[in-house]
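Student: sequence? don't have it. structure:
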């Protein structure tokens with residue numbers, strides 16, 4: 001699709017107006033360079049012409065994802081001016097309001113990878129669940145119990161509907177609030193596995209992920225944004241940052257799978273580390 005769109009846009013404009021785009025349900029969200037913003041409508045029209053049955057609306061992203069609720073400012077370009085859609089992934093359905101909550105189709109591989117690691121009977125804490133993509137897919141795959149936390153009330157409402165839509169209300173427990181507060185008050189020592197799919201806060205909240213682990217051991221899936229210039233390894237830089245934190249807390253640990261998920265800007269990368277925690281020191285626990 002990207003090659004076809006590039007060819008069509010190039011035919012209409014002399015510039016490659018569309019830097020990148022996401023498709024969420026029947027909505028396309030495009031990103032454009034500042035000097036090509038005036039031509040964004042032409043790109044939107046080409047998307048609609050290429051996929052009239054698939055895409056019903058096109059928006060332009062005009063700000064970075066930001067704030068506690070992880071939202072981005074959008075400008076409507078063409079089609080039906082609606083921001084609520086149903087996103088389909090791995091046999092699951094997710095209602096999402098793209099104006100008021102965030103969902104990235106670029107995590108499709110990670111959603112499946114992590115859900116396949118969870119075994120029946122595990123208890124999972126998802127500290128930053130959004131509309132519930134990780135949580136619901138885990139429940140559908142393994143039947144495991146997932147405490148699914150998000151601070152954004154719109155994302156939480158969508159998550160509640162998605163739990164019903166995907167018939168996993170017996171497995172997924174939606175919780176509204178700050179995950180560090182919810183873990184401290186309700187979920188200390190309950191989890192076999194903790195998910196931290198919010199790179200902006202994962203490092204700051206790492207001690208609370210450890211606090212949630214059952215019997216002082218288990219797995220943490222840690223997501224981070226890492227800057228790495230030419231010759232630097234973003235995965236290794238992320239490991240070293242985490243090592244300093246875990247060593248200071250007296251944690252026994254090892255690293256499992258890790259990978260660069262995607263580039264998010266010049267010399268910036270989204271990275272995931274799977275951390276196996278085998279024990280915590282008494283100074284952390286008490």
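Tutor: Perfect, thanks for sending it. Bear in mind the structure is a predicted one, so any value in this text is a computation, not a measurement.
Student: Which elements pack onto the helix or strand containing residue 262?
Tutor: Using DSSP states H and E, residue 262 sits within strand 251-265. Where contact means 3 or more C-beta pairs under 8 Å, 6 or more residues apart in numbering; DSSP states H and E, strand 251-265 is packed against helix 108-117, strand 218-227, helix 234-249, strand 268-280. Heads up, the C-betas are built off the backbone N, CA and C, glycines and all.
Student: Pull out the buried residues from it.
Tutor: 251, 253, 258, 261 (16 or more other C-beta atoms under 10 Å).
Student: quick one: the first one and residue 280 touch, right?
Tutor: This points to residue 251. Yes - judged on C-beta atoms under 8 Å, residue 251 makes contact with residue 280 at a distance of 5.6 Å.
Student: And the strands in the stretch 101-250 of the chain?
Tutor: 123-126, 145-150, 172-176, 193-196, 218-227 (DSSP state E, counting those that start in this stretch).
Student: JSON lines please, covering the ones you listed and showing mean pLDDT, distance to residue 22 and mean neighbour count.
Tutor: Shown next, in JSON lines, are these (pLDDT from 0 to 100; distance: least, C-beta to C-beta, whole Å; neighbours: other C-beta atoms under 10 Å):
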{"stretch": "strand 123-126", "mean pLDDT": "98", "distance to residue 22": "21", "mean neighbour count": "27"}
{"stretch": "strand 145-150", "mean pLDDT": "98", "distance to residue 22": "20", "mean neighbour count": "27"}
{"stretch": "strand 172-176", "mean pLDDT": "98", "distance to residue 22": "24", "mean neighbour count": "20"}
{"stretch": "strand 193-196", "mean pLDDT": "98", "distance to residue 22": "21", "mean neighbour count": "27"}
{"stretch": "strand 218-227", "mean pLDDT": "97", "distance to residue 22": "17", "mean neighbour count": "22"}
